[in-house]
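Student: quick one: sequence plus predicted model below, questions after.
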Amino acid sequence: MGEGWGEGENSVTQPFRADILTLASIRAKALSYSCKEVVMRHSIFYCLLGLSLLPMITFAHEMTGWIAPEEAKKMKNPIKPTKASIQKGKEIYEKKCALCHGVKGDGKGLSSEGLNPKPANFKEHHGKMTDGEHFWKITKGKGPMPSYEKDLTVEERWHVINYINTFTKHP
């Protein structure tokens, strides 16, 4: 046996061992590159998936079938949106609604994280609901949205709607 050679190695196996190490090194580099490429492709895929789901998340309540009956949609708010009514609605909203729907009505309240569906953003799609629809949803509740049928009087619910209407235009 020659110097620096391990037991069982000879002049025939030494080059073979060197070739295997070289191939293993090349393979490791190739796998490393492939992993980076896979991570990048997955990142792109999930970004595109997220973007494609964004419109569905925006209208989560409608997607889950939380649609008010036709007779509720036709209900008119019997309380005029006076400064006094809006102030009463604001006080109730801040106590009962802002924690989920946010102080600004943007659906980003302190407790909104993790709710499914997300709380409504009154600044974006509230304008697509009538006062009657809103009254029905506040009254009945669904999923993480509690029913306020027993907690708020009919009049208080209408005051809240007058306040919510200050966030955006509505039908």
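Tutor: Arrived safely, thanks for sending. Computed from a predicted structure; not experimentally measured.
Student: CA atoms of the helix or strand that contains Glu133 as PDB?
Tutor: When elements are defined using DSSP states H and E, Glu133 is found to belong to helix 131-140. Only the C-alpha atoms of helix 131-140 are listed here, as PDB (Å, rounded to 0.1, in the frame of the first residue of the first chain):
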ATOM      1  CA  ASP A 131     -80.000  49.800   5.800                       C
ATOM      2  CA  GLY A 132     -82.500  46.900   6.000                       C
ATOM      3  CA  GLU A 133     -79.800  44.400   5.100                       C
ATOM      4  CA  HIS A 134     -77.500  45.900   7.800                       C
ATOM      5  CA  PHE A 135     -80.300  45.900  10.300                       C
ATOM      6  CA  TRP A 136     -81.100  42.200   9.600                       C
ATOM      7  CA  LYS A 137     -77.400  41.200   9.900                       C
ATOM      8  CA  ILE A 138     -76.900  43.100  13.200                       C
ATOM      9  CA  THR A 139     -80.100  41.600  14.500                       C
ATOM     10  CA  LYS A 140     -79.500  38.000  13.500                       C
END
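Student: so what secondary structure elements neighbour it?
Tutor: helix 70-73, helix 154-164 (3 or more Cβ pairs under 8 Å, 6 or more residues apart in numbering; DSSP states H and E). C-beta here means a position set from N, CA and C on the backbone, and glycine is covered the same way.
Student: figure out which of those helices is closest to Lys142.
Tutor: For Lys142, the closest of these is helix 70-73, at 13.1 Å, according to Cβ to Cβ.
Student: the helices and strands packed on helix 131-140 into JSON lines, with extra columns for mean pLDDT?
Tutor: Formatted as JSON lines, the helices and strands packed on helix 131-140 follow (pLDDT from 0 to 100):
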{"stretch": "helix 70-73", "mean pLDDT": "95"}
{"stretch": "helix 154-164", "mean pLDDT": "97"}
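Student: so which of the ones you listed gets nearest Lys90?
Tutor: Set against Lys90 and scored by Cβ to Cβ, these come closest in helix 154-164, at 4.7 Å.
Student: and the closest one, what other elements does it pack with?
Tutor: helix 83-96, helix 131-140.
Student: next, the angle from that helix to helix 83-96.
Tutor: 90 degrees (axes from the mean of the first three to the mean of the last three Cα atoms, to 10 degrees).
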